[in-house]
Every structure is written in structure tokens, then in C-alpha cells.
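>>> Dropping a prediction and its sequence here:
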Amino acid sequence: MAKIISNISTNSEDFKRRYEFNKKKVEEIEAIRNELSKGGPPKAHEVNKKRGKLFCRERIEKVIDKDSPFLEIGPYAGYDMYDNSAPCGGIVTGIGRIHGRDVMIIANDQTVKGGTYHPITIKKHVRAQRIAEENNLHCLYLVDSGGVFLPMQDEVYPDKEHFGNFFYNQAVMSSKGLLQVAVVTGLGTAGGAYVPAMCDQVIMVKNQSAIFIGGPPLVKAATGEEIDAETLGGADVHTRISGVADYLANNEEEALRKAREIFLNLPRRKKYELDRVEPEDPLYDPEEIYGIIPEDLSIPFDVHEIIARIVDASEFEEFKPLYGQTLVTGFARIGGYLVGIIGNNGVIFPESAQKAAHFIELCSLRKVPIIFLQNITGFIIGKQYEHQGMAKDGAKWITAVSTTSVPKITVIIGNSYGAGNYAMAGRGYNPRFLWMWPNSKIAVMGPQQAADVLTMVKVNQLKREGKDVSEDEIKSIREKVMKDYEMKSTALYSSARLWDDGIIDPKKTREYLMLALEITLNKPIEDTKFGIFRM
């Protein structure tokens, strides 16, 4: 493959200014992540410690292999929501290795409202299960939950992807041979009782864990019976009498060792053999990405410079380099693995869309995963392009990206607006993983365009009502729309709502992609059957 020759001057004032700006942005985002990872308030931690219980992240650290990375999913969930009372969404999810096997871990944080489920907690739990099913991962549930957060029951209980969807997912994954294991480290109450009950194998901790559909207060209210938690549904009851659980552990450490033992004795499955050679580091330092991304994303930057700092040896076999140049497509290697890359270098023209569809066909036929590097403002508009068939060519691309069977991994490295988000494998197009950079933005359109459109609509409405609109009023309307769009298009706003799987440090993008590729290979790549391409 040809090597990408960088045109970046790392000594320029532009580079240095951008470097400092983006480095600071990464540090700010990381500080927020570190704060969220602490979980609930200090008082809840004190209570947990007095009870002799581990924090949920300590449990994860003890159960995974000592040299295992932990690919956390949704670490910013719940940020600036619910008065910041549900950090990380009240649940920690991610992929770690247990005896060399990739395992999805879903751990309730008992210091956040007793491990109860807010709407964002539900969404995060379901997302983790979906990743597990899509990538053929076994699941480990570290259960310590009071069930539904009752004040918000109407937002977490009855709908398709609400609380009950957990149990459906567990049954379906178990039927596919994906092991479901629960370690009950505290309460499994009400609906929370069914997470372990739906598992293939269940471990409980003596004098610490309990499972019951209705806890002692509810039993008292419903039947008048007075009973304590241990007698009602403690570990001894469920391992000796009911059979709800399978193993009794004397403490959490013993329970986690037992979980490791269960995964050790699983039959090993061979990963899909994607073409791979000996990995090579990029020729350019990935940290230089800080100096490439502009402070203002309306200023373009060349995606080749990003690719050069992500792929092995900075080598890239570009496909159709002279055609549809606002889209960059080609083959490269990441961690030795052969991948296809689609990156944006401007607005999408009909030629760019045709090129994308063609390239996705190539990757699908060869069973090569595709990396999408999103910096897209959308599709070109205007009479010339509508007559040329922009919608038709865009549909070809969307058909290809929707129906390909190869793993898709998306990183939003800049703008992600309008239908461009869809075509570039946004969340609605089921990429296996989707991450954002701290500088990136996502919205139906850019703030300035939205402000222009909505201001025009509002002014026309007022004029139809016979009202005069001053320049100051127009300016005020526009500024309000701009402010709202700016705030709601940030990476933090997106990540808090799980529109992505997390905000990542740009210089670590290669590491995330390597780990993600390894995980996707737990599932064979099937043949692709495309739908109709509108000609």
C-alpha cells in the first residue's frame, strides 16, 4: 500500500494553537468522566463500606483477567440529567476478558439510588445486551438493584425497550449459546429479581444478597406477614430451598472467583479469521491529531491526515481517489487487521454517494469490516443536484450501509449533521460501536443553518399575525435558537443520552478500533444480501 505523506507542519502557530485547544478539551472531558466514575454520593459509599461490600468497579476489576482492558460502554450516561443524581446512569457496562474470553459485564452501582433503574439506566442496560448479542459475547451480571426507580415507573416499565426487555434479551441470548451468569452481590428486588432468575447460572453471597419479587415492606402491605429479607429470599433460601440460585459463596471475592471458574469451563469458540498481518505503528504520532482538528468545525480539515495517524505504517490504498473527492474511501490495516475506511472531506455530491455504495459493495463481498470517520455536514442541495438525482444516489449509499453484513465501527471526528449521519453509519444504522471525539457535534443541521431557518419561520409567522418585527427582535430570536442548538449538539449532550458509546481521546482512537475489531470477530461475518439499488 502507498504511504500517506502528511502535509502538517507541527511547528506552525496554527498547529500549536489547535493542539493546546484540543488537549484542554480532552482533559476537561476526562475530568468529567473521572467524577462520574465515582458513582453515588459519599454517604452512600460510607454505608456500602460499613456493610463490607465492594464498589461495583472493584467487582469488575476483580473478576476480569489482570492484563485485560475494560472497554467501558456509555461512561457519560446521565450526565447533567435528573439533577445529576444518576452518574454513569447508575450502572457500569463494558467488555472485559475472563480467562481470555470477551465478556459483556453489566454491573449495578448500588451507591446510586440503591441501584434502581432510571430511563437512562434502562437504555444503557439494553444497549449493552445488544452489543453482546451482535458480537456473540457471553454476559455477566453483577446484581445489586432495587429494581425500577418508582417515581419514574411510567418511563421505565411498559414499553418495548423498557425494563422487561432485559429478560427477553437474556432468554434469546441463552438460546443462542451465549452464557448468562449472575453474581448477586446485594438485592435483586421486584423486576430486578428476574435478571438472575433468567440467567443460566447464579451465584449468591451468604448473609449479603437476596432475591425476592416483593421485599419485606411489600409483603407486609400485601399479606400482613412480617418477615426479614434473609428469611424471605436470602442466599441460603435460594441455594437450599427454592433452587433460584446455584452456588452459595461466603463473600464477594469467593463469588467472583466462582464466576471466573464458570467462564473457564466453557468450551472455547474459534474467532472469525479476518485477514491479518504483523501490526505496525503509524509513521506519525497519534497525539498530533490534537493539532489537526480546528477549534471551529466550520473550517475543513483533511481526513487523510487523521487516517495517517490511525492505520498501520500510515499505509492506505485509496479507492477512486480522483472521483467524488469529498468522500475518501480505501483499504488499510489497523492492528494488522484489513479494514475498509470511509471518511468525509466535505459535503456529499452524487459522485461521492455512488463511490460510497461501490466501496461498501467491495468490502461486503470481501468480508472486510468498515471504519467510518464522520465529519459530515450533509448532502449537496439545489436545482442542479436534485435534477442530477442526489436523492437517488444517496439512497444507493444508504441501501448499502443498511444491508451490509460486515462489522461497522463509527467514529464521529467532527460534524455529524442531517442525512450525512445516516449514510455514515450513525446510531440508527447499527454500527457495532460508535464513539465521538470531544470536539464533535451532532444535530439535524448546523446551529447557524438551524438559526437561519427557524428565525425565518418565526418572523414570517409574526408578520402573518400583523406584528412588526424589529432587527433587535430578529437578532434575539436567532441568538436563542443558536444557543439551544449549540448546547444540544455537543458530544457531552449526545453521550449523556447514549446516542454514542462514549467520548474518546482522539489519540487513543487506534487503540479503541483495535479492541473493537477483536471483539467483533467473536461472530462470523455472514454473506451480504443487498436490497434494490435505485438506478
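Cool, the structure landed. What you see is a predicted model, and the numbers here were worked out from it, not measured in a lab.
>>> The lowest-mean-pLDDT helix or strand in the chain - contacts with which helices or strands?
Least confident helix or strand, the chain: helix 447-464 with a mean of 82, by mean pLDDT, DSSP states H and E. Counting contacts by 3 or more C-beta pairs under 8 Å, 6 or more residues apart in numbering; DSSP states H and E, helix 447-464 packs against helix 471-488. For every residue, glycine as well, the C-beta is placed using N, CA and C.
>>> list the buried ones in whichever helix or strand comes after the helix it packs on?
For helix 471-488, the succeeding helix or strand toward the C-terminus, using DSSP states H and E, is helix 491-496. By neighbour count on 16 or more other C-beta atoms under 10 Å, the buried set for helix 491-496 is Ala491, Leu492, Tyr493, Ser494, Ser495, Ala496.
>>> ditto for stretch 85-103
Across stretch 85-103, burial judged by 16+ other C-beta under 10 Å covers 86-99, 101-103.
>>> gap between it and the chain center?
Mean-position distance between stretch 85-103 and its chain equals 12 Å (C-alpha atoms, centre = their mean, to the nearest Å).
>>> ok, now stretch 377-393?
31 Å.
>>> looking only at pLDDT, what's the mean for it?
If you average the pLDDT over stretch 377-393, you get 89.
>>> Okay, buried residues for that stretch please.
For stretch 377-393, the neighbour count (16+ other C-beta under 10 Å) marks Thr377, Gly378, Phe379, Ile380, Tyr385, Gly389, Met390, Asp393 as buried.
>>> dump the residue contacts of the third one.
Yep, that's Phe379 we're talking about. Val347, Ile348, Ala353, Tyr385, Met390, Gly394, Gly418, Ala419, Gly420, Ala423 (C-beta atoms under 8 Å, 6 or more residues apart in numbering).
>>> do the fourth one as well
Taking C-beta under 8 Å, 6+ apart as the contact definition, Ile380 lies against Val347, Ile348, Phe349, Pro350, Met390.
>>> ok, so of the residues you listed, who is nearest Arg130?
Taking C-beta to C-beta as the measure, Ile348 is the one of these closest to Arg130, at 28.4 Å.
>>> How much space separates the closest residue to the closest one other than its chain neighbours from Ala356?
Distances taken as C-beta to C-beta, 6 or more residues apart in numbering put Phe379 closest to Ile348, at 4.6 Å, once the chain neighbours are dropped. For Phe379, the distance to Ala356 (C-beta to C-beta, to the nearest Å) stands at 11 Å.
>>> What is the nearest of the contacts of Ile380 to Tyr194?
Nearest to Tyr194 among these is Ile348, at 46.1 Å by C-beta to C-beta.
>>> Angles on the backbone of the closest one, please.
phi -90, psi 120 (degrees, to the nearest 10).
>>> wait, it sits on Ala423?
Yes - with contact defined as C-beta atoms under 8 Å, Ile348 reaches Ala423; the gap is 7.1 Å.
>>> Are there residues contacting both of those two? Which ones?
Ile376, Phe379, Gly394.
>>> count of neighbours near the closest residue to Phe530 other than its chain neighbours?
Excluding its sequence neighbours, the residue lying closest to Phe530 (C-beta to C-beta, 6+ apart) is Thr403, at 5.0 Å. Thr403 has 14 neighbours, counted by other C-beta atoms under 10 Å.
>>> Next: Tyr76.
Tyr76, neighbours per other C-beta under 10 Å, totals 27.
>>> That one and Gln374, how far apart?
18 Å.
>>> re earlier: run a quick check on the residue nearest to Phe530 versus Lys529, I expect a contact.
Yes - assessed by C-beta under 8 Å, Thr403 is found in contact with Lys529 at 6.9 Å.
>>> Show me what the lengthiest helix in the chain is packed against.
Identified as the longest helix of the chain according to DSSP state H is helix 13-36. Helices and strands touching helix 13-36, as assessed by 3+ C-beta pairs under 8 Å, 6+ apart, comprise helix 289-292, helix 491-496.
>>> Which residue ranges of the stretch 151-300 of the chain form helices?
For the stretch 151-300 of the chain, the helices defined by DSSP state H, counting those that start in this stretch occupy 165-175, 194-197, 216-223, 229-233, 235-237, 252-264, 289-292.
>>> What backbone torsions are found at Ile98?
Phi and psi for Ile98, reported as degrees, to the nearest 10, are phi -120, psi 110.
>>> burial of the closest residue in space to it that isn't next to it in sequence, as a residue count?
Distance criterion C-beta to C-beta, 6+ apart; nearest residue to Ile98, sequence neighbours excluded, is Phe263 at 4.3 Å. For Phe263, the neighbour count with other C-beta under 10 Å is 19.
>>> what's the answer for Glu486, then?
17.
>>> thinking it is in contact with Pro447, fair?
Yes - using C-beta under 8 Å, Glu486 makes contact with Pro447 at a distance of 5.1 Å.
>>> residues in contact with the residue lying closest to Leu338 once chain neighbours are set aside?
Spatial nearest neighbour of Leu338, excluding adjacent residues (C-beta to C-beta, 6+ apart): Asp275 at 4.3 Å. For Asp275, the contacting residues are Tyr337, Leu338, Val368, by C-beta under 8 Å, 6+ apart.
>>> what does the helix or strand where the second one lies rub up against?
It stands for Leu338. Taking DSSP H and E as the definition, one finds Leu338 inside strand 337-344. The contact list for strand 337-344 (C-beta under 8 Å, 6+ apart) reads 274-276, 303-304, 306-307, 311, 316, 326-333, 356, 359-360, 362-363, 368-376, 406, 414, 420, 424, 514, 517.
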